[in-house]
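S.K.: The following comprises the amino acid sequence and a computationally predicted model.
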Amino acid sequence: MSDQHSFISPDHFHPDPYTNSRTAECTLNAAIVHAKISRSYEEYFEIFDEFYADDIEGSSETMEEPICGKERVRSLLFSFLVPLHAMAEVGGVSISIRETAIPVDAIDETHSGWTLEMVGVSGRICTVSWRVLRKWNESRVVLEHDYDHQQSGEPLNERDLRFDAPEAAIGLQRPS
């Protein structure tokens, strides 16, 4: 018989809810940061489908009532992502997003700070920042609340976008 002790606890295979929500939060945020809006907005929907519960409740401090259900939240996300994608892909706007973890002690709750920076072809910069509270049920977000929205710089306008003709964009010249 062996008198050796096991160094692996059964809890290692079933992490506590606090660890579970922190791990899921880090994985979700890393996926969002590494996705490229200039390439595609569909990547964000894949992330959304992977991490958000069917009965997700979305809200912000500017909304009168929360939006409930994955399809309704997806529609709101669509109205945000498609213009960003068009500004980046067609308009030449450089878009980057950064995340900062905000420590909390709640078991199934996480907070993070987000910064979205848009740099127009004119050099004008508009930065939007906000914080996100998420409540988790295992590895799925069941509630997301955006708060503390701030903006620095003026919103980008048509002078900040590139509207090259398709021929000029790919280096073709029209015959004379």
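M.R.: That came through, no problem.
S.K.: so what secondary structure elements neighbour the helix or strand hosting Leu76?
M.R.: With elements delineated by DSSP states H and E, Leu76 resides in helix 70-89, which encompasses its position. The contact analysis (3 or more Cβ pairs under 8 Å, 6 or more residues apart in numbering; DSSP states H and E) places helix 70-89 against helix 42-51, strand 52-60, strand 94-102. For glycine as for every other residue, the C-beta is placed from the backbone atoms N, C-alpha and C.
S.K.: in that helix, what's buried?
M.R.: By neighbour count on 16 or more other Cβ atoms under 10 Å, the buried set for helix 70-89 is Lys70, Val73, Arg74, Leu77, Leu81, Leu84, His85, Met87, Ala88.
S.K.: now swap in stretch 145-160 and tell me
M.R.: Along stretch 145-160, these residues count as buried under the neighbour rule (16+ other Cβ under 10 Å): His145, Asp146, Leu156, Asp160.
S.K.: Now the two most distant members of those.
M.R.: His145 and Asp160 (30.6 Å; Cβ to Cβ).
S.K.: Got phi/psi on the closest residue to Phe163 other than its chain neighbours?
M.R.: When the adjacent residues along the chain are set aside, Phe163 lies closest to Gly91, with 7.3 Å between them (Cβ to Cβ, 6 or more residues apart in numbering). In this entry, Gly91 is assigned phi and psi values of phi -90, psi -10 (degrees, to the nearest 10).
S.K.: Report the contact partners of Gly91.
M.R.: The neighbourhood of Gly91, defined by Cβ atoms under 8 Å, 6 or more residues apart in numbering, consists of Gly120, Val121, Asp160, Leu161, Arg162, Phe163.
S.K.: Could you check how far it is from Arg159?
M.R.: Gly91 sits 11 Å away from Arg159 when distances are taken as Cβ to Cβ, to the nearest Å.
S.K.: Next, show the common contact partners of those two.
M.R.: With Cβ under 8 Å, 6+ apart as the test, Gly91 and Arg159 both reach Gly120.
S.K.: hang on, the earlier thing: and the helices and strands packed on helix 70-89, which is most packed in?
M.R.: strand 52-60 (a mean of 17; mean count of other Cβ atoms under 10 Å).
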